[in-house]
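Asker: Give me the fold of what follows.
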Amino acid sequence: MNRNNEDYRSPAVPALTKTLLEDVKKIFKTTSGTPFLIPTTGTGAWESALTNTLSPGDRIISFLIGQFSLLWIDQQQRLKFDVDVIESEWGRGANLDMLAMKLAADGAHTIKAICIVHNETATGVTNNLAAVRNLLDEYKHPALLLVDGVSSICALDFRMDEWGVDVALTGSQKALSLPTGMGIVCASPKALEASKTAKSLRVFFDWNDYLKFYKLGNYWPYTPSIQLLYGLRAALDLIFEEGLDNVIARHSRLGKATRLAVEAWGLKNCTQKEEWFSDTVTAVVVPPYIDSAEVVRRAWKRYNLSLGLGLNKVAGKVFRIGHLGNLNEDVSDVEVEVEDEAEWGVGEDGGEMIEGDVGGDAGGEVREKVKDRKDDDVPKLSKEIYSFFDSDDSDWMIEEESNDGDGNDSTDEDDDEKFEDEDSDELLSDVNSIESVDPLNKSTTILPSWICLKRKRKRYIYFKGRICFNWFIYFKRWSWQKRKASRGW
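Answerer: Take a look at the predicted model:
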């Protein structure tokens, strides 16, 4: 993308666009769909899907399951459609039983479209599109199926042709890992036919203008973002090099690793059932006496770590961890490397602060400890952590000298190296020894039911239970190796 601008009517840009239009169809898994690369955001792509296929007054069914489905419904209503809203509790998926009832009662086929968000990022919920298509087929209903795939396409399993999706849309800034600015819409032959009779006012988003220029071989009725086109070319090449199915499998691994880490922290997932878990974002519920916005603020301030805020009904109740796009298992905290590769969590009814990360083989270490764990073993937060939210660092840090065992002060690097070279193997092999070994100075500092790992000039790390201990030690070793490599030590 770091290139000079070009005339979009030069031979190079149409040639580039032609390859993009062919290859974009692959990420939608369609052979019959027609893609449009529109200079806009996901919101513009929404409007494009609606106004090209529907007329004012048309009855549509739209599922309300979170903030982004709510915003799409607001757009539908402002465009003067007759919106029949099926609402679910936030944290739950689309109510398909209610959809079945409405389809069964619509013998006259007054419902013109079903609008659904595939992956609701506000709550970390993924809907079952195949089940929606099965209901439409079961009741032989001709309604169009319009899908918001902004945070799912190219990260989650999406099959436009197989699931009979009529309009699918995504944005450049999500799984494609590009800057914001391109809305990608793909329309089925049925949707293109509907666009010929749709009466909604449209100018900038009119597919017919694009189709005219497609026939001419120029492709663009107005100026595109040249840099984003080249960026899309590079993004697609990376995806195809890895393999789309492998990309989807990687997102599945990262999603599972993140959820296991959240469980190990003692926190709850906002998504209420496993069948709705998202592999691109995890919404984490904080205890009722903690404002999640403060968690997000302090994570940014202390660790330069960007977490997502809770939105609307879950504002102040959840923070969100994104794990989509061009990520790999070596990226600490699943998505963001922070100084000291530190992530922390707060549990539900009194618990702990854990500093470590959920990158690397997060699933491997945590999964083995979690899969057979009893409810009694779920780590709890203690009252000490509350001062993290109520006071400055000095109030909850314990000031104590750290030395190397012979009276000489040791540096952070000395402590870290000692941790890596002398003690981590012992601790990993014998978790029962955790009360008799301090990995930094061969001594143990015990607070009531707490173990304190001492690190000079850095925060004390409190944790309780073998799961969290092993998890921390494993990733401390990994992050130290990565730090040595990155700094040339």
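
Asker: from here on, contacts and neighbour counts on C-alpha atoms
Answerer: Will do.

Asker: quick one: the helices in the stretch 251-400 of the chain?
Answerer: Here the stretch 251-400 of the chain has its helices, by DSSP state H, counting those that start in this stretch, at 292-303, 362-370, 386-390, 393-396.

Asker: likewise the stretch 51-200 of the chain?
Answerer: Under DSSP H, counting those that start in this stretch, the stretch 51-200 of the chain gives helices at 67-78, 96-105, 129-138, 189-195.

Asker: where does the stretch 201-350 of the chain have low pLDDT?
Answerer: Applying pLDDT under 70 to the stretch 201-350 of the chain flags residues 328-350.

Asker: run the last query once more with 80
Answerer: Regions of the stretch 201-350 of the chain meeting the criterion pLDDT under 80 cover residues 327-350.

Asker: the strands in it, which residues?
Answerer: 268-269, 281-285, 308-309, 318-322 (DSSP state E, counting those that start in this stretch).

Asker: Name the residues that touch the third one?
Answerer: Spelled out, that is strand 308-309. By C-alpha atoms under 8 Å, 6 or more residues apart in numbering, the residues outside strand 308-309 that reach it are 292-293, 296, 315-316, 318-322.

Asker: if I look at A49, how far off is F205?
Answerer: Distance of A49 to F205, given as C-alpha to C-alpha, to the nearest Å: 9 Å.

Asker: Give me the more crowded residue out of the two.
Answerer: More crowded of A49 and F205, by other C-alpha atoms under 10 Å: A49, with 26 against 20.

Asker: So which elements touch the strand or helix carrying that one?
Answerer: Assigned by DSSP states H and E, A49 falls within helix 42-51. Packing partners of helix 42-51 (3 or more C-alpha pairs under 8 Å, 6 or more residues apart in numbering; DSSP states H and E): helix 67-78, strand 167-171, strand 183-187.

Asker: circling back to that earlier point, could I get the strands of the stretch 201-350 of the chain in JSON lines, plus columns for mean neighbour count and distance to T30?
Answerer: Output for the strands of the stretch 201-350 of the chain, formatted as JSON lines (neighbours: other C-alpha atoms under 10 Å; distance: least, C-alpha to C-alpha, whole Å):
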{"stretch": "strand 268-269", "mean neighbour count": "20", "distance to T30": "33"}
{"stretch": "strand 281-285", "mean neighbour count": "27", "distance to T30": "25"}
{"stretch": "strand 308-309", "mean neighbour count": "22", "distance to T30": "32"}
{"stretch": "strand 318-322", "mean neighbour count": "25", "distance to T30": "27"}
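
Asker: Kindly reformat those as CSV and extend each row with distance to T223.
Answerer: Below are the strands of the stretch 201-350 of the chain laid out as CSV (distance: least, C-alpha to C-alpha, whole Å):
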stretch, distance to T223
strand 268-269, 43
strand 281-285, 33
strand 308-309, 33
strand 318-322, 32
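
Asker: Which of these sits closest to V165?
Answerer: Nearest of the strands of the stretch 201-350 of the chain to V165, taken as C-alpha to C-alpha: strand 281-285 at 23.0 Å.
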